[in-house]
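Enquirer: got a structure for you, letters missing:
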DNA sequence: GCATAAATATTATCCGCATAACTAACTCTA
DNA sequence: TAGAGTTAGTTATGCGGATAATATTTATGC
């Protein structure tokens, strides 16, 4: 692949990241949320009370990031952290009533954002998009070694 | 669109952002660069000396971000900033010899990253990808090109 | 010409996310 | 059971990127 194509792809991914995040930020701001926090709320809404280590895994970010995000969401009254009885190291994170209400609002914003994002694309492209993006992600994922999608390492030499 | 689909898409975009950036960071680290800085170097390599306001536009980030990035790249000896003679407000940014050499290395990394990213996808999907991503980006772009009617680019990118 | 608006760049402050280093608690084994 | 190794969580620090507020300079309108 020549540089033109490579740059077109890498740059497109970078710009999509910036703009999609900026748009999410604009939509979340009225709720008092910053981008990234909505993922934590949605994860708690999906799977119920969770240990921070599991949140770190689910959100795809590192434990220190979870520590800071949970602290701020807790200060905002949206989540609650209680020590785990079975493991004195762990703390269980769960939504408060305020957090549940907020998660419901986030869900609606999320639908609006997704529809806005794919405007003008043919339905079959939209349908294929999540799978394509997940393939791209797993291709560059240095985190979880799993993913039966395709063999990851070995095709491109390390720099 | 229901929440399941919307979340699949939004989450996929978020995770791709995190992982692609993390992979870029890992590749750029040996060069002493942090992700985001490579875009500045590549832009200078493409278009030559540029004032910061144009860089801000080209990179898709705000002027204060450019100020900090240029300061660090200047401290690293990769770029040079000289006051613009025709406009006492502006400063012209350009690559040093060290910066040019670094940009060449970045270009190679960029190709490797792009190839790694699209591993396992059919060629026609790879060909369509930049265009699709640019459509997604412009759909959520609250910044740049005010194009009230009509789309800036087609649904499929130029090859 | 002069007052006002716009543009360029900077500083300060915030958040997300990262790594490194550390404490505390759990587990496993010798 | 004692020690080693592992895991959960935190703090400290750094960068990218954002907004808000502030000079300074340029452009514009009257």
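Expert: Nice, thanks for sending it over. Quantities reported herein were computed from a predicted structural model and do not represent experimental measurements. Numbering: from 1, shown residues only, chains lettered A, B, ... in the order given.

Enquirer: all helices of chain A, in order?
Expert: A:3-28, A:37-47, A:52-59, A:63-75, A:97-117, A:123-140 (DSSP state H).

Enquirer: distance to DNA strand D and mean neighbour count for those - can I get that in JSON lines?
Expert: C-beta here means a position set from N, CA and C on the backbone, and glycine is covered the same way. Output for these, formatted as JSON lines (distance: least, C-beta to the nearest atom of the strand, whole Å; neighbours: other C-beta atoms under 10 Å in any protein chain shown):
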{"stretch": "helix A:3-28", "distance to DNA strand D": "5", "mean neighbour count": "20"}
{"stretch": "helix A:37-47", "distance to DNA strand D": "12", "mean neighbour count": "20"}
{"stretch": "helix A:52-59", "distance to DNA strand D": "3", "mean neighbour count": "17"}
{"stretch": "helix A:63-75", "distance to DNA strand D": "3", "mean neighbour count": "15"}
{"stretch": "helix A:97-117", "distance to DNA strand D": "16", "mean neighbour count": "18"}
{"stretch": "helix A:123-140", "distance to DNA strand D": "17", "mean neighbour count": "18"}
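
Enquirer: nearest to residue B:28, out of those helices?
Expert: helix A:3-28 (11.5 Å; C-beta to C-beta).

Enquirer: and the angle for the closest one with helix A:123-140?
Expert: 110 degrees (axes from the mean of the first three to the mean of the last three C-alpha atoms, to 10 degrees).

Enquirer: wait, does helix A:3-28 contact chain B?
Expert: Yes: using C-beta under 8 Å from any C-beta of the partner chain, helix A:3-28 reaches chain B at A:3, A:5-24, A:26.

Enquirer: next one: stretch A:48-60
Expert: Yes: shown here: stretch A:48-60 in contact with chain B (C-beta under 8 Å from any C-beta) through residue A:60.

Enquirer: touching that stretch from outside, list them.
Expert: Applying C-beta atoms under 8 Å, 6 or more residues apart in numbering or on different chains, the contact partners of stretch A:48-60 are A:39-40, A:43-44, A:47, A:62-63, A:65-67, A:70, A:84, A:87, A:90-94, A:143, B:14-15, B:18-19.

Enquirer: run through the residues of chain A sitting next to DNA strand C.
Expert: Within chain A, the positions adjacent to DNA strand C are A:34-37, A:39, A:59-62, A:64-65, A:68-69, A:72, A:87-89 by C-beta under 7 Å from any atom of the strand.

Enquirer: now with 6 Å?
Expert: A:34-37, A:61-62, A:64-65, A:68-69, A:72, A:87-89 (C-beta under 6 Å from any atom of the strand).

Enquirer: now for those residues, which pair is the farthest apart?
Expert: Farthest pair in the residues of chain A next to DNA strand C (C-beta to C-beta) is A:35 and A:88. Separation: 33.1 Å.

Enquirer: higher neighbour count, those two?
Expert: Between residue A:35 and residue A:88, counting by other C-beta atoms under 10 Å in any protein chain shown, residue A:35 is the more crowded of the two (17 against 8).

Enquirer: so what pLDDT did the more buried one get?
Expert: What the model reports as pLDDT for residue A:35 is 97.

Enquirer: if we check chain B, which of the residues of chain A next to DNA strand C are in contact?
Expert: With C-beta under 8 Å from any C-beta as the criterion, the members of these in contact with chain B are residue A:61.

Enquirer: tell me the one among the residues of chain A next to DNA strand C nearest to residue B:129.
Expert: Nearest to residue B:129 among the residues of chain A next to DNA strand C, with distances taken as C-beta to C-beta, is residue A:35, at 23.8 Å.

Enquirer: from residue B:139, how far off is the closest one?
Expert: Separation of residue A:35 from residue B:139 (C-beta to C-beta, to the nearest Å): 17 Å.

Enquirer: ditto for residue A:117
Expert: With C-beta to C-beta as the criterion, residue A:117 and residue B:139 are 5 Å apart.

Enquirer: do residue A:17 as well
Expert: 14 Å.

Enquirer: how about residue A:57?
Expert: Separation of residue A:57 from residue B:139 (C-beta to C-beta): 30 Å.

Enquirer: kindly report the same for residue A:132.
Expert: 16 Å.

Enquirer: could you do residue A:51 as well?
Expert: Counting by C-beta to C-beta, the gap from residue A:51 to residue B:139 is 37 Å.

Enquirer: repeat that for residue A:9.
Expert: When residue A:9 is compared with residue B:139 (using C-beta to C-beta), they lie 18 Å apart.

Enquirer: residues contacting residue A:17?
Expert: B:13, B:16-17, B:20-21.

Enquirer: pull the contacting residues for residue A:96.
Expert: Neighbouring residues of residue A:96 by C-beta under 8 Å, 6+ apart: A:77-80.

Enquirer: and the buried ones among those, selectable in PyMOL?
Expert: Of the contacts of residue A:96, the buried ones go into a single PyMOL selection, burial set by 16 or more other C-beta atoms under 10 Å in any protein chain shown:
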select buried, chain A and resi 78+79+80
